[in-house]
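Asks: After the sequence you'll find the predicted model.
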Amino acid sequence: MRELMPGLAIAASAALVAWLAHLAMPAVPILTAAVALGILVGQVPALQPALAGRLAPGLQLAARRLLRLGIVLLGLKLSLVDIAGLGWITILTTIAVVVLTFAGTIGLGRALGLPGHQPVLVASGFAICGASAIGAMGATVRARDEEQAVPVALVTLCGTLAIAVLPALWHPLGLSATGFGHWVGAGVHDVGQVVATAQLAGPAALAVAVVVKLTRVLMLAPMVAITAAVERRRAIEPAGPHPPIVPLFIAGFLAAVLLNSFVPLPEWLLTGADVVQTAFLATALFALGASIRVVELVHTGWRALVVGLTSWVLVAALAYGAVLLG
C-alpha cells in the first residue's frame, strides 16, 4: 500500500479537479477533463521522473483495476427495456454502425502500419464508447499502457471536437431535434461527450441520444468476447496462458446490465453507483492520460492521427445514415 498510495492519491485528486472543472463548465464532461488533465501533467518535464518512478505503481493500478471496476458499474446505467423501446430498426442500425466502424478502423490501421494492438484499440474507442472501451479492450488483449495512450488521446481529441462540430451541422443536415439526438448517440464516443452535445437540442434529443449511446456501450461485451476469442487462436503457448474468452470484468458488466433490467433497484443505489463509477473511470483515465507524451506522439503518431480522424468521420457518416434509415 505504501507503494500504491502516492499514485492513487494523485489520480484521485485529479479526478476531483476534473469534477470541479465540470461543475464550473458543464459543457466539459468529467471523463474528458480527467484525460486532458492527465495529458497536461504528463508533459511537464519536472513531473515525468515521478510519474515513471514512485507514482507509477499507483497510477498503473488506477489505469487497470479501477477502470475495470468502473466498467462493471457502467452496466447499471443500461436497461434492456429502454434499449428495446428504440425499435428494431434503430437497434440494428446502431449495431451496424459499431461493427462497420470497428472493422473499417482496424483495416485502415493495419493498412497504415499502426504498431501492436493500436488498430483494435483505436477501433474500440471510436466504434463503442471512447476511452472506457479502449481500457476494456486493452485489458483483454493485454496491451501495454503505452499502447493505450495514443488511442485515448485521439478519442479524447475527436470527442471534444464533436461537441463543437456536430451542433454546427445539426440544421444544415436537416435533422429534427430527436434526429440530432439519434445522430449524436450513434456517432459520438464517450457517454459524457454525448450528453454535452445532445443537451443543446433539448431533453427529448438528450433522452434519445443517451439510450442509443448505451446501446453502443452494450456492444462492448460481444466485441471484447470476439476479440478475446481471436487472441486465443493467435496465442502461442510459451508466451503465457490464453486470455479468457469473456474477461471477468466484462461478465460483471453484463451481470450489472441484467440486474438493472430485471430487478427494481432503488434510485439511491443507482445514483450512488453512478457517482462511484464516474470517480473510478475519471481516476483511471487521468492515469492513462498521464502516460501520454505529446512530443513522441507528434513524431511517431501521424499514422494514428490519420486513422483516428478518418474513423471519426466514418462513424459520423454511418450514424447519419442510420438516422435517415430510422
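Replies: All right, it came through fine.
Asks: just for the chain, where's the confidence low?
Replies: Under the criterion pLDDT under 70, the flagged ranges of the chain are 234-246, 296-301.
Asks: Point me to the residue sitting closest to the centre of it.
Replies: Gly130 (2.3 Å; C-alpha atoms, centre = their mean).
Asks: how about it, what does it touch?
Replies: 31, 155-156, 159, 189-191, 193 (C-beta atoms under 8 Å, 6 or more residues apart in numbering). Heads up, the C-betas are built off the backbone N, CA and C, glycines and all.
Asks: Repeat that for Leu166.
Replies: Leu166 makes contacts with 180, 183-184, 187-188, 197, 316, as judged by C-beta under 8 Å, 6+ apart.
Asks: ok, 10 Å please
Replies: 173, 175, 180, 183-184, 187-188, 193, 197-198, 200-201, 316, 319-320 (C-beta atoms under 10 Å, 6 or more residues apart in numbering).
Asks: Turn the buried ones among these into a named ChimeraX selection, would you?
Replies: In ChimeraX, a selection of the buried entries from the contacts of Leu166 looks like this (16 or more other C-beta atoms under 10 Å):
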select :175,180,183,184,187,188,193,197,198,200,201,316,319,320
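Asks: Identify those among the contacts of Leu166 that sit within helices.
Replies: In helices, defined here by DSSP state H, the members of the contacts of Leu166 are 180, 183-184, 187, 193, 197-198, 316, 319-320.
Asks: could you dump stretch 206-218 to CSV, C-alpha only?
Replies: The C-alpha trace of stretch 206-218 is given here as CSV (Å, rounded to 0.1, in the frame of the first residue of the first chain):
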residue,chain,number,x,y,z
LEU,A,206,-30.9,14.0,-24.9
ALA,A,207,-33.1,11.1,-23.9
VAL,A,208,-32.8,9.5,-27.4
ALA,A,209,-29.0,10.2,-27.5
VAL,A,210,-28.3,8.5,-24.2
VAL,A,211,-30.4,5.4,-25.0
VAL,A,212,-28.8,5.0,-28.4
LYS,A,213,-25.3,5.6,-26.9
LEU,A,214,-25.9,3.0,-24.2
THR,A,215,-26.9,0.5,-26.9
ARG,A,216,-23.5,1.0,-28.3
VAL,A,217,-22.0,0.6,-24.9
LEU,A,218,-23.8,-2.8,-24.6
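Asks: For that stretch, buried residues please.
Replies: Using 16+ other C-beta under 10 Å as the burial criterion, the residues of stretch 206-218 that qualify are 206, 208-218.
Asks: a markdown table please, covering those residues and showing secondary structure and distance to Ala111.
Replies: Formatted as a markdown table, these follow (DSSP: H, G, I helix; E, B strand; the rest coil; distance: C-beta to C-beta, whole Å):
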| residue | secondary structure | distance to Ala111 |
| --- | --- | --- |
| Leu206 | helix | 37 |
| Val208 | helix | 35 |
| Ala209 | helix | 32 |
| Val210 | helix | 34 |
| Val211 | helix | 34 |
| Val212 | helix | 30 |
| Lys213 | helix | 29 |
| Leu214 | helix | 32 |
| Thr215 | helix | 29 |
| Arg216 | helix | 25 |
| Val217 | helix | 28 |
| Leu218 | helix | 29 |
